[in-house]
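> Fold the following for me, if possible:
(one chain, ligands or ions: 1)
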Amino acid sequence: MTTTGPLVLGGDFVQDAHSVGAKLRESAPIRHVVLPSGLPVWLVTGYEEARAVATDPRFSSQRVYDRMHRMALGEDAESPFSEDFAMNLLNLDPPDHTRLRKLVAKTFTGRAIAPLRPRIEQVADELLDAMTGRDSVELLESYAYPLPIRVITELLGVPFDDRDQFTAWSKTMVDGGASEAAGAATMRMAGYLHGLIAAKRENPEDDLLSQLVHASEDGDRLSPSELIAVSVVLLIGGFETTVNLISGGVFSLSRDPGQLALLRADRSLMPNAIEEFLRHETPNILSSPRYTTEEVEIAGVVIPAGDFVMVSWLAANRDPSRFTDPDRLDITRPMGGHLAFGHGLHFCLGAPLARLEGEIAFGRLLDRFADIEVLSAVDDLRWRDSTAMHGLESLELRLR
Ligand code: HEM
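Numbers count the residues shown, from 1 in each chain. Model (predicted):
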């Protein structure tokens, strides 16, 4: 691999993410690449460089998705994307970001999330009941998807019966980049949320969407478009990644029986184990995009003004300059410092909820089954065809 000229990345960036990430990092912790979608970006794979980019205001998120769409579709093309998503937290810098984030942040503190524990345990148990006594179980469809979907829909107050619709739109939006199909999915999702929010305005219920609608009316703080933008990040952020935490963690444990036995023997290791699963099979390959507001020199690389920059959380989390023997799963590793929830201003708002769901999902799974065996051949496993997400498409298990 040379360090001159943009490197065109292929499908192995997704299917063999760790090897490709390590090769890129070894060649240069920041380098110019063309993503499999065709988007040219400066890709950050080194740990220190990732933290530096995530905290430096010269790397901006302000309206970054509009820029990306314009680049993909042409300056004069009419955008197929919903304008309602513009005030999405990952598309904003301060002061817009500060204002919107403050408004939703109080709902997602550890203290606000803790009372959800019994309900999440109940949902996990119901799903595990349905998985018990079967010859084989596909983990994604039986457990890893339905658990976080049920939690986030109940929390927000989205009718559970609508889940197939919005999960399909969400998948197209997350995997589809700047495509027409992704644009059309944003339109449908926005239309759906407009209807739902209008219903909550009429008949407020005991859920987060009703609270957000209320907040906007009392203090005149959230516009209808802002409400849509906030709801959509919570809805999508709330399940797409947690699915990957559950499936990635089961996959990591199943390949390391010693670590699985250790966790069974000492459940006090669970919070640490969750952090290690997040580091080891990081649920997001790439950050949301940023662009340089001026020419920036970083790690000996000069990035021109206006170029796109993305961080590979996945590669940074296996940087040997930060983590000893980074490819090894070690649930006793001193924790802290992984970048699976991002870093800086955009640090994941849902981290306390994701951690709670993870602890319950793994705790209940181990309580229920003494033996977890992967039936899928490792060479046949497919990762979701997305540069945003690092998640298995399916994982066939025998549980006893
Ligand atoms: C294991 C599960 C999760 C992972 C790995 C994860 C990961 C991330 C990452 C890496 C970012 C930063 C993106 C960037 O800087 O470009 C982020 C932001 C965000 N996440 Fe999560 N997330 C998870 C679960 C959740 C949940 C459950 C929710 C909500 C219910 C959520 C809501 C958000 C929101 C709203 C942001 C945007 C914050 C901002 O821009 O200020 N996430 N997440």
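> which bits of the stretch 251-400 of the chain sit near the ligand?
Counting by Cβ under 6 Å from any ligand atom, the positions of the stretch 251-400 of the chain adjacent to the ligand are 283-284, 287-288, 313, 340-342, 346, 348-350, 353-354. Where you see a C-beta, it was placed from the backbone N, CA and C, and this is true even at glycine.
> pull the helix or strand with minimum mean pLDDT from this structure.
Lowest by mean pLDDT, DSSP states H and E among the helices and strands of the chain is helix 208-219, with a mean of 74.
> Could you identify the helix or strand that succeeds that one?
Proceeding C-terminally, helix 208-219 gives way to helix 224-254 as the next helix or strand, assigned by DSSP states H and E.
> Which residues belonging to that following helix are considered buried?
225-254 (16 or more other Cβ atoms under 10 Å).
> Just give the nearest non-adjacent residue to A114, would you?
Across the structure, with Cβ to Cβ, 6 or more residues apart in numbering as the measure, the residue nearest A114 apart from its sequence neighbours is L356 (7.4 Å).
> The residue in the chain positioned nearest to the ligand: what's it in contact with?
Nearest residue of the chain to the ligand (Cβ to the nearest ligand atom) works out as G350 at 2.0 Å. Under the criterion of Cβ atoms under 8 Å, 6 or more residues apart in numbering, the neighbours of G350 are F108, L234, G237, G238.
> was I right about the first one contacting P352?
I take that to be F108. Yes - taking contacts as Cβ atoms under 8 Å, F108 lies within contact range of P352: 6.2 Å.
> Find residues that contact each of the two.
When Cβ under 8 Å, 6+ apart defines a contact, no residue borders F108 and P352 alike.
> Poorly predicted segments of the stretch 151-300 of the chain, please.
216-221 (pLDDT under 70).
> what's the helix or strand for the closest residue to R267 other than its chain neighbours?
Closest residue in space to R267, ignoring its immediate chain neighbours: G363 at 7.0 Å, by Cβ to Cβ, 6+ apart. Taking DSSP H and E as the definition, one finds G363 inside helix 351-368.
> Next, the buried residues of that helix.
Within helix 351-368, the residues that qualify as buried are 351-366, counting by 16+ other Cβ under 10 Å.
> list the buried ones in the following helix or strand past it?
Beyond helix 351-368 in the direction of the C-terminus, DSSP H and E gives the next helix or strand as strand 372-374. Buried positions in strand 372-374, judged by neighbour count with 16+ other Cβ under 10 Å: I372, V374.
> next one: stretch 323-340
Of the residues in stretch 323-340, those buried under the neighbour-count criterion (16+ other Cβ under 10 Å) are F323, P326, L329, D330, I331, R333, H338, L339, A340.
> Determine which two of the residues you listed are furthest apart.
In terms of Cβ to Cβ, the buried residues of stretch 323-340 reach their longest pairwise distance at I331 and L339, which sit 18.3 Å apart.
> any idea where the strands of the protein begin and end?
7-8, 30-34, 40-44, 59-60, 137-138, 290-292, 296-298, 301-303, 308-311, 372-374, 396-399 (DSSP state E).
> can you list those in JSON lines and add distance to Q165?
Putting the strands of the chain into JSON lines (distance: least, Cβ to Cβ, whole Å) gives the following:
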{"stretch": "strand 7-8", "distance to Q165": "36"}
{"stretch": "strand 30-34", "distance to Q165": "34"}
{"stretch": "strand 40-44", "distance to Q165": "32"}
{"stretch": "strand 59-60", "distance to Q165": "33"}
{"stretch": "strand 137-138", "distance to Q165": "22"}
{"stretch": "strand 290-292", "distance to Q165": "31"}
{"stretch": "strand 296-298", "distance to Q165": "42"}
{"stretch": "strand 301-303", "distance to Q165": "40"}
{"stretch": "strand 308-311", "distance to Q165": "29"}
{"stretch": "strand 372-374", "distance to Q165": "32"}
{"stretch": "strand 396-399", "distance to Q165": "27"}
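> these two touch, right, L35 and L7?
No - because the distance of 10.3 Å does not satisfy Cβ under 8 Å, L35 is recorded as not touching L7.
> low-confidence ranges in the stretch 1-150 of the chain?
Per-residue confidence of the stretch 1-150 of the chain (counting by pLDDT under 70) places the weak regions at 1-4.
> if we go to 90?
By pLDDT under 90, the low-scoring segments of the stretch 1-150 of the chain are 1-5, 37, 65-66, 68-87, 99-100, 102-115, 135.
> So G337 sits against P326, correct?
No - because the distance of 11.8 Å does not satisfy Cβ under 8 Å, G337 is recorded as not touching P326.
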